[in-house]
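Enquirer: Curious how this folds, go ahead:
(one chain, ligands or ions: 2)
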Amino acid sequence: MAKIHNLGFPRIGANRELKFALEKYWKGESSQSELTELAAGLRQKHWQQQSGLDLTPVGDFSFYDQVLDTSFTLGNIPARVEGLAGDELDNYFRVARGRSANDSGCHCVHAGEMTKWFDTNYHYIVPEFTADTRFELNPERLLAQLTEAKAQGVAAKPVLIGPVTYLWLGKEKDNSNKLDLLDQLLPVYGQLLALLADNGGEWVQIDEPILVTELSAEWQQALSKAYQTLNKGQVKLLLATYFGELKENLSLAVNLQVQGLHFDAVRGRNEVDAVIAALPADKVLSLGVINGRNIWKTDLNAVLNWLEPIARDVGERLWVAPSCSLLHVPVDLNSEQKLDDEIQSWLAFALQKLDELAVLARALNQGRDAVFAELAANQAAIDSRRQSRRVNNPDVQAAVAAINPQLGQRQNPYADRIAKQTAHLNLPAFPTTTIGSFPQTADIRQTRLKFKKGELDQATYVSQMKQEIARAVREQEALDLDVLVHGEAERNDMVEYFGEQLDGYAFSQFGWVQSYGSRCVKPPILFGDISRPAAMTVAWTQYAQSLTAKPMKGMLTGPVTILNWSFVRDDQPRSVSCYQLALAIRAEVLDLEKAGVKVIQIDEAALREGLPLRRSEWQDYLSWAVESFRITANGVADETQIHTHMCYSEFNDIIASIADMDADVITIETSRSDMELLDAFDNFKYPNEIGPGVYDIHSPNIPTEAQMVKLMQQAAKRIPAERLWVNPDCGLKTRQWAEVVPALQNMVAAAKTLRAN
Ligand code: GLN
Ligand code: ZN
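Expert: Ligands and ions are numbered 1, 2, ... in the order given. So this is what the prediction gives:
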């Protein structure tokens, strides 16, 4: 009998209950006991929803982040919160976000650094290490949840982050080597496992997803050593890997001294046979056959076709699960009221994925006839999606097939173009611009919301948005900026805005996925071949241009960013979806040019985050990502200036690809790094123009003229002054006008000072 289990469940709640409870608590509007009661209620509900499983994850619930939970369980708590008032939860939130509910007014400590969890859009709080780090077991949270689960009759499987992955995720704050901490970390894990055993945990899931990345020999040895040490037989360990193939770590992974291995059979489908062949015959094999990273229904018959023979061979030792924790998908498709019925029939969120798992188990254990109706319904949905005319657009497919290198090629090299652009645009040295958005005031949000709800007619909406654009233009003229923007008042989000106007995109109402802490994102669903029925930005930009004699930048989101921030199709390579987006946005670029727009910015904020986990796969990704950008941008005349923007500053390892994009101007985030990060451009001899951000828009502080002059002087040591622009780090939509105006005044003054020298 194959068993079914789950690796983790979304904790934010189908209606984001946890988000709202946290935010209320942080504001001091509710008590700690109200918060903990809500959390217990959510856990209970989620366990009930998983009651069809043979084993249910426990300990996957978190108030903020599971990595931060692990740091607290291991007693690795930054010294800066020691001795502060309050209890452990206060300190937990201090590390998470800089303050607890009781720290009124002040930011008393700095929050832990946050970074992406592997290649997901989930962000964790980075563990901090020094040579002096000491661990001390603090098991209360986990034990309490285990006791709670047992009392509710849950078939509990505690879930932990493994010791080696935990070290790998953290950062040394001195020059020590965090791997040196392993020896004193392992006894603490040993104590924890013993306690879990005493409290009735039979199986413990221990996650070591670093096994899908390229590991040095040191890290590989650390894994071997860890499980040699921990294998005391008190509990059975299910070692979980996910998010990719094991490749050169396969033999290491199957031979670690644990009682079972979970393997991602969605991303690692091609390795399943090799894993089975290599896995010692006494170990449990858990196959993650349902995609925990996407929202499509599983083709159950197709899975059964390959899984049934495996189930016969592996027998009792086979477990079946989602590929990874369901943290990365929304909770319940049945909440959706407005999705088109046909599209909804193709989808599965967390609860529906668990239903699929139950159907698979019955098919494996009792034969497909036992779930005849379920399989037939699933097949009908799979067929409908495959054949739908809304998914397949022959014109789009033909256009992608016809893509040739010419399409991504500007007419002339940068050196020729820039001369023509300079004449055409008549810009001073150190030209000033902004990244696109201006403050999204309460008024603007209200107006958009009312329009969306149908409470405001089209004409009124357009006229109110035009007033906002006019205000942004007025402010920019008064500031004497050189290249203006319309301010993006009409955009709620830089991806959703375009998705809503493209064919092939759908939007959920409740498809929230945790991004970090209480923050969630609702990725749009790219379900079909992408096309652009009509121009998307031209009217707004044209109106903005009509108000000023200065150049107005057209403002678009690039194909790679749209792709990386969406749930995308699993029936074709990501690259193909990206090329389709590229062709659609290219059409918009050409329409803007035709409308007289001389400068067009194509934001690629998420280009870097699409990098695969393994470096050996970077080149492939970068080549189609860059080609997609080039197709989007490069159909314009020499005189039209293409800008791109990226909100980060680590370019060292991708600088050749960035140069290959061949944007005339790139604006990046650098204000916090003293311009040292421009070294990558300097060393590479990056040829085109650069706008290194001089104004940190994430902070309410107003930068002074002198600070910005100094930053630009540092920039000019690395990049010839004639190729430098002066601009903020990113868009200004989260700021207030009262902050933006003086900051930009200082920025323009800085540019003028630089010109005078
Ligand atoms: N043009 C966008 C804005 O200014 C860019 C945002 C981003 O890069 N994240 O808001
Ligand atoms: Zn940005």
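Enquirer: Need the pLDDT of the nearest residue to Ser531 once chain neighbours are set aside.
Expert: Among residues not flanking Ser531 along the chain, Asp503 sits closest, at 4.7 Å (C-beta to C-beta, 6 or more residues apart in numbering). C-beta: built from backbone N, CA, C; applies to glycine. pLDDT, Asp503: 98.
Enquirer: what do you get for the one 3 residues further on?
Expert: Each residue has a pLDDT score; the one for Ala506 is 97.
Enquirer: now Pro728
Expert: So, for Pro728, pLDDT stands at 98.
Enquirer: how close does Phe63 get to Pro158?
Expert: Between Phe63 and Pro158 the computed distance is 17 Å (C-beta to C-beta, to the nearest Å).
Enquirer: So which of those two has more stuff around it?
Expert: Pro158 (27 against 21; other C-beta atoms under 10 Å).
Enquirer: Grab the nearest non-local neighbour of Lys236.
Expert: What sits nearest to Lys236 in space, not counting adjacent residues and going by C-beta to C-beta, 6+ apart, is Gln259, at 4.0 Å.
Enquirer: for Gly260, same thing?
Expert: Val284 (3.1 Å).
Enquirer: In three-state terms, label Gly554 for me.
Expert: strand (DSSP: H, G, I helix; E, B strand; the rest coil).
Enquirer: hang on, isn't it packed against Ile600?
Expert: Yes. The pair Gly554 and Ile600 passes the contact test of C-beta atoms under 8 Å, sitting 4.1 Å apart.
Enquirer: And the strands in the stretch 251-400 of the chain, which stretches?
Expert: In the stretch 251-400 of the chain, the strands defined using DSSP state E, counting those that start in this stretch lie at 260-264, 284-290, 318-322.
Enquirer: looking at those, which is closest to Val235?
Expert: Smallest distance to Val235 across the strands of the stretch 251-400 of the chain (C-beta to C-beta): 11.3 Å, for strand 260-264.
Enquirer: The closest one to strand 284-290, inter-axis angle?
Expert: Angle of strand 260-264 versus strand 284-290, following axes from the mean of the first three to the mean of the last three C-alpha atoms, to 10 degrees, is 20 degrees.
Enquirer: quick thing: my sequence starts at 49, can you match it?
Expert: Sure thing, new numbering starts at 49, so read that last one as strand 308-312.
Enquirer: so when I look at Thr692, I'm seeing a helix, right?
Expert: No. Going by three-state DSSP, the assignment for Thr692 is strand, not a helix.
Enquirer: In contact with it, which residues?
Expert: Applying C-beta atoms under 8 Å, 6 or more residues apart in numbering to Thr692 gives the contacts 606, 649-652, 677, 681, 709, 711, 713-715.
Enquirer: same thing but 6 Å
Expert: Residues in contact with Thr692 (C-beta atoms under 6 Å, 6 or more residues apart in numbering) are 650, 652, 711, 714.
Enquirer: Give me the subset of these lying in helices.
Expert: If you go by DSSP state H, these have nothing in helices.
Enquirer: since we're on Tyr237, how many residues are nearby?
Expert: 22.
Enquirer: For it, which non-adjacent residue is closest in space?
Expert: Using C-beta to C-beta, 6+ apart, the closest residue to Tyr237 is Pro211 (5.1 Å).
Enquirer: can I assume that neighbour is in contact with Leu233?
Expert: Yes. Using C-beta atoms under 6 Å, Pro211 is in contact with Leu233, at 5.1 Å.
Enquirer: out of those two, which sits in the more crowded spot?
Expert: Comparing Pro211 with Leu233 by neighbour count (other C-beta under 10 Å), the higher total belongs to Pro211, at 28 against 23.
Enquirer: Could I get the phi/psi values of the more buried one?
Expert: Note on Pro211: backbone dihedrals following degrees, to the nearest 10 are phi -60, psi -40.
Enquirer: Now do whatever residue of the stretch 649-798 of the chain ends up closest to ligand 1: how many residues are near it, please.
Expert: Relative to ligand 1, the nearest point of the stretch 649-798 of the chain is Gly779 (2.0 Å; C-beta to the nearest ligand atom). By other C-beta under 10 Å, the residues close to Gly779 number 25.
Enquirer: Which residues are in contact with it?
Expert: Counting by C-beta under 6 Å, 6+ apart, Gly779 has contacts 483-485.
Enquirer: can you narrow those to ones near ligand 1?
Expert: With C-beta under 6 Å from any ligand atom as the criterion, the contacts of Gly779 include 483-485 near ligand 1.
Enquirer: And the closest residue to Gly456 other than its chain neighbours, how close does it get to ligand 2?
Expert: Distances taken as C-beta to C-beta, 6+ apart place Arg678 nearest to Gly456, at 3.2 Å, with adjacent residues excluded. According to C-beta to the ion, to the nearest Å, Arg678 and ligand 2 sit 21 Å apart.
Enquirer: Just the residues contacting the helix or strand harbouring Arg678, thanks.
Expert: Using DSSP states H and E, Arg678 maps to helix 666-681. With contacts defined as C-beta under 6 Å, 6+ apart, helix 666-681 is touched by 455-456, 606-608, 623, 626-627, 630, 633-634, 650, 659-660, 690, 705, 708-709.
Enquirer: can you give me the helices for the stretch 199-348 of the chain?
Expert: Applying DSSP state H, counting those that start in this stretch to the stretch 199-348 of the chain gives helices spanning 211-217, 230-246, 265-278, 298-303, 320-326, 348-362.
Enquirer: tell me what the first one is packed against?
Expert: Right, helix 211-217. Contact analysis of helix 211-217 by 3 or more C-beta pairs under 6 Å, 6 or more residues apart in numbering; DSSP states H and E lists helix 265-278 as its packing neighbours.
Enquirer: one more time with 8 Å, if that's ok
Expert: Using 3 or more C-beta pairs under 8 Å, 6 or more residues apart in numbering; DSSP states H and E as the contact test, the elements touching helix 211-217 are helix 114-121, helix 230-246, helix 265-278.
Enquirer: how close does the closest residue in space to Glu544 that isn't next to it in sequence sit to Asp255?
Expert: In space, and not counting its chain neighbours, Glu544 is closest to Pro572: 5.8 Å by C-beta to C-beta, 6+ apart. As judged by C-beta to C-beta, Pro572 and Asp255 stand 29 Å apart.
Enquirer: just checking, Asp744 touches Gln755?
Expert: No. Look at Asp744 against Gln755 with C-beta under 8 Å: they stay out of range, at 9.9 Å.
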